[in-house]
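S.K.: With the input below, show me the fold.
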Amino acid sequence: MSHYLTPSQIVKALDAYIIGQESAKKAVAIALRSRWRRLQIDNELREEISPKNILMIGPTGVGKTEIAKRLAAQSDSPFIKVEATKFTEVGYVGRDVDSIIRDLVETSMQMSREAAEEKIFNAAEKAAISKIIDILKKKSELDKPRSEWMRLIKSGELDHQMIEIDITLPDFGVEIMAPAGMEEMSQQLQSMFNKIKNEKSEIKKLTIIEAIRLLTEEEANKLINEEEIRANAIENAEQKGIVFIDEIDKVVKTSQSGSYDISREGVQRDLLPLLEGSTVTTKYGPINTNHILFIASGAFMNTSPKDMISELQGRLPIRVTLDPLNAHDFARILTEPTNSLTRQYCALLQTENITLKFTKSGIQEIAQMAYNMNNHSDNIGARRLHTVLEKLLEDLSFDIEKFKGQTIVIDQKYVVAHFPNTFKEDKPQKWML
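M.R.: Below is the predicted model:
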C-alpha cells in the first residue's frame with residue numbers, strides 16, 4: 001500500500017511502468033506520502049493541513065495519464081479519473097462538476113464493500129457449508145458425522161453432486177436514468193426505490209460447488225453492516241480521496257480569444273470550490289472536499305497555464321513539466337516496463353505458436369522511426385509506437401498459417417524491409433496516427 005511506502009519506493013514502483021518523467025513521479029510520490037503523514041498528526045492540526053494540488057504539463061503521449069493510472073494501482077485510496085471536457089457550467093445542459101465527487105464516493109463505497117466482504121468471507125463460507133451439510137444429512141441414509149461431510153466438501157469430492165437449496169433471489173431494484181445535469185434528482189429517486197424491499201426465494205437444483213458460492217454471497221449480505229460501510233466510504237473519500245482531472249487545458253481559453261464559452265471559463269469557476277474545499281451532497285451523505293487531493297493535467301499546446309483564471313492557478317500550486325520523448329526514450333519504453341509493448345506482442349503471437357525475438361538493432365530502428373514520424377507529423381508521443389508496431393507486424397498477425405511454428409527475428413534488416421513505403425517518406429501521410 002502506497003500510504004506505507006516512502007516517496008522513493010513509490011517512484012521505484014512507478015518506474016516499472018513509466019520511463020523518465022522523474023519530476024512528475026517525484027511530485028505525486030510526495031503528495032501521496034503526505035496523505036499518510038497528515039493522518040499521523042493530532043486532530044486539531046490535521047484539519048489545518050490541506051493537500052498541495054498538482055498541475056502536470058506536457059505534450060500528449062508522454063505519460064501524464066499513465067502516471068495517474070499507476071498511482072491509482074499503487075494506492076489504496078479512492079481514486080477517480082475524469083475528463084474536464086465532459087463538464088459544463090452550472091445552469092447549462094450537461095454534467096456539473098459536483099458529479100466528480102459523487103463518482104468518487106461511489107468508488108469509495110465499492111472499495112469499502114469489497115474490504116468488508118473480504119473480512120467476513122470465511123464466516124460466510126462456513127455458514128454456507130453448514131447449511132449444505134444440513135441438507136446432505138437429511139438426504140443421506142448414512143449417519144455420517146458433520147466432520148466427515150466437511151472433509152468431503154473441502155476435498156472437492158462432492159463438487160458436482162446435485163442438491164436442492166432455497167435461495168433468496170437478488171433484489172435488483174429500479175435503475176433510474178436521468179439526463180446529464182440531473183444526477184442528484186436521479187440519486188434521490190433511486191434511494192427512495194431502494195428502500196422498497198421485495199425479497200423472494202426460490203428452490204434451485206445446483207451442484208454443491210455452485211450452491212456454496214450462492215449461499216456464501218447470501219450469508220455475506222446478512223453479515224455486512226451497511227452503515228459501517230457507508231461511514232468508512234465517506235471517511236476514506238474525504239481523507240484519502242484522489243481526483244485526476246485530465247485535459248484541463250481544453251477548458252482554458254487563450255488570452256487572444258474574447259468570446260465567452262460555457263464549457264471553459266465557467267467550468268474553471270465551478271471547479272474552484274471543489275479544489276478550495278466545499279461540501280457536496282451525495283446519496284450517501286454530505287462530502288467535504290477540504291482534504292481531497294486534485295491532480296490536473298494538460299498538454300497546453302495552444303494555451304498556457306497562465307491563461308487559466310488566476311484563482312484556479314492558485315489552487316494548483318505544484319507544477320511539474322513532463323519532457324517530450326526522444327528516440328532513446330522510445331527504445332526504453334519498448335523494452336524496460338513490466339508491460340512493455342514488445343512483451344505484449346510476443347505474448348499475443350505466442351498464442352498462435354509464432355515466436356517473436358526483438359534484437360537491439362530492431363528496437364533502435366523502431367524507436368528512431370517513431371521519433372522521426374513524430375517530428376514530421378503531429379507529435380503524439382509514445383502512442384506512435386502502437387502504430388509502428390501494428391504496421392510492422394501486420395502480415396504476421398494476418399497470415400498466421402504461414403508463420404505458425406516459426407521464430408521471427410525482428411532486427412534492423414527486418415524492420416527496414418517490412419515497413420510500408422508510406423512510413424518511410426520524409427513527410428508521412430496526415431492520416432497516419
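
S.K.: number of nearby residues for residue 252?
M.R.: Residues lying near residue 252 (other C-beta atoms under 10 Å) number 24. C-beta coordinates here come from the backbone N, C-alpha and C atoms, glycine included.

S.K.: no wait, residue 334
M.R.: Residue 334 has 25 nearby residues by other C-beta under 10 Å.

S.K.: Okay, it and residue 363: tell me how far apart.
M.R.: With distances taken as C-beta to C-beta, to the nearest Å, residue 334 is found 5 Å from residue 363.

S.K.: intersection of neighbour lists for those two?
M.R.: residue 342 (C-beta atoms under 8 Å, 6 or more residues apart in numbering).

S.K.: State the mean pLDDT of the helix or strand where residue 243 lies.
M.R.: Assigned by DSSP states H and E, residue 243 belongs to strand 242-246. Averaged across strand 242-246, pLDDT comes to 91.

S.K.: What is that strand packed up against?
M.R.: Other elements packing on strand 242-246 under the criterion 3 or more C-beta pairs under 8 Å, 6 or more residues apart in numbering; DSSP states H and E are helix 64-74, strand 79-83, helix 98-139, strand 293-298.

S.K.: Give the next helix or strand downstream of it.
M.R.: Immediately after strand 242-246, counting by DSSP H and E, sits helix 265-276.

S.K.: so where's the stretch 301-433 of the chain shaky on pLDDT?
M.R.: 420-433 (pLDDT under 70).

S.K.: surely residue 39 meets residue 46?
M.R.: Yes. Using C-beta atoms under 8 Å, residue 39 is in contact with residue 46, at 7.1 Å.

S.K.: Let me see the domain layout of this structure.
M.R.: Residue ranges for the domains of the chain, per automatic domain parsing: 2-105+237-321, 111-232, 327-424.

S.K.: So which of those is the most surrounded?
M.R.: domain 2-105+237-321 (a mean of 18; mean count of other C-beta atoms under 10 Å).

S.K.: Off-centre distance for it?
M.R.: 15 Å (C-alpha atoms, centre = their mean, to the nearest Å).

S.K.: do stretch 345-353 as well
M.R.: When distances are taken as C-alpha atoms, centre = their mean, stretch 345-353 is centred 26 Å away from the chain's centroid.

S.K.: which residues make contact with it from outside it?
M.R.: By C-beta under 8 Å, 6+ apart, stretch 345-353 touches 355, 356, 358, 389, 393, 396, 397, 400, 403, 404, 405.

S.K.: what would these look like in TSV with distance to residue 202?
M.R.: Output for those, formatted as TSV (distance: C-beta to C-beta, whole Å):
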residue	distance to residue 202
355	52
356	52
358	56
389	52
393	51
396	52
397	47
400	47
403	53
404	49
405	52
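
S.K.: Which one of those is nearest to residue 83?
M.R.: Nearest to residue 83 among the contacts of stretch 345-353 is residue 389, at 26.7 Å by C-beta to C-beta.

S.K.: any idea whether residue 366 is helix, strand or coil?
M.R.: helix (DSSP: H, G, I helix; E, B strand; the rest coil).

S.K.: pretty sure it contacts residue 392?
M.R.: Yes. Counting by C-beta under 8 Å, residue 392 is a contact partner of residue 366 at 7.0 Å.

S.K.: which residues do those two both contact?
M.R.: Common neighbours of residue 366 and residue 392 (C-beta under 8 Å, 6+ apart) are 410, 415.

S.K.: so what's residue 287 up against?
M.R.: 101, 104, 105, 234, 237, 238, 279, 280, 281.

S.K.: picking that back up, and the two most separated of the contacts of stretch 345-353?
M.R.: Taking C-beta to C-beta, no two of those sit farther apart than 389 and 405, at 22.0 Å.

S.K.: On the pLDDT front, check residue 77 for me.
M.R.: Looking at residue 77, the pLDDT reads 84.

S.K.: element containing it?
M.R.: Secondary structure assignment for residue 77, by DSSP H and E: no helix or strand.

S.K.: these two touch, right, residue 128 and residue 218?
M.R.: Yes. With contact defined as C-beta under 8 Å, residue 128 counts as touching residue 218 (7.4 Å).

S.K.: quick one on the thing from earlier: of the contacts of stretch 345-353, which belong to helices?
M.R.: Using DSSP state H to define helices, the subset of these located there is 389, 396, 397, 400, 403.

S.K.: Need those residues in JSON lines (columns: distance to residue 155).
M.R.: Shown next, in JSON lines, are the ones in helices among the contacts of stretch 345-353 (distance: C-beta to C-beta, whole Å):
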{"residue": "389", "distance to residue 155": "48"}
{"residue": "396", "distance to residue 155": "46"}
{"residue": "397", "distance to residue 155": "45"}
{"residue": "400", "distance to residue 155": "42"}
{"residue": "403", "distance to residue 155": "46"}
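
S.K.: Out of these, which is nearest to residue 118?
M.R.: Of those, the one sitting nearest to residue 118 (C-beta to C-beta) turns out to be residue 389, at 39.0 Å.

S.K.: Might you report the residue contacts of that closest one?
M.R.: 341, 345, 366 are the contacts of residue 389 under C-beta under 8 Å, 6+ apart.

S.K.: closest one to residue 330 among the helices and strands packed on strand 242-246?
M.R.: Nearest of these (C-beta to C-beta): helix 64-74, 14.5 Å.

S.K.: got the angle for the closest one vs strand 79-83?
M.R.: Here helix 64-74 runs at an angle of 160 degrees relative to strand 79-83 (axes from the mean of the first three to the mean of the last three C-alpha atoms, to 10 degrees).

S.K.: and helix 64-74, what does it pack onto?
M.R.: Helix 64-74 makes packing contacts with helix 7-15, helix 22-39, strand 79-83, strand 242-246, strand 293-298 when contacts are defined by 3+ C-beta pairs under 8 Å, 6+ apart.

S.K.: Show me what the first one is packed up against.
M.R.: Counting contacts by 3+ C-beta pairs under 8 Å, 6+ apart, helix 7-15 is packed against helix 22-39, helix 64-74.

S.K.: Would you mind giving these as CSV with distance to residue 285 and mean pLDDT added?
M.R.: What follows is these, written out as CSV (distance: least, C-beta to C-beta, whole Å; pLDDT from 0 to 100):
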stretch, distance to residue 285, mean pLDDT
helix 22-39, 21, 89
helix 64-74, 24, 82
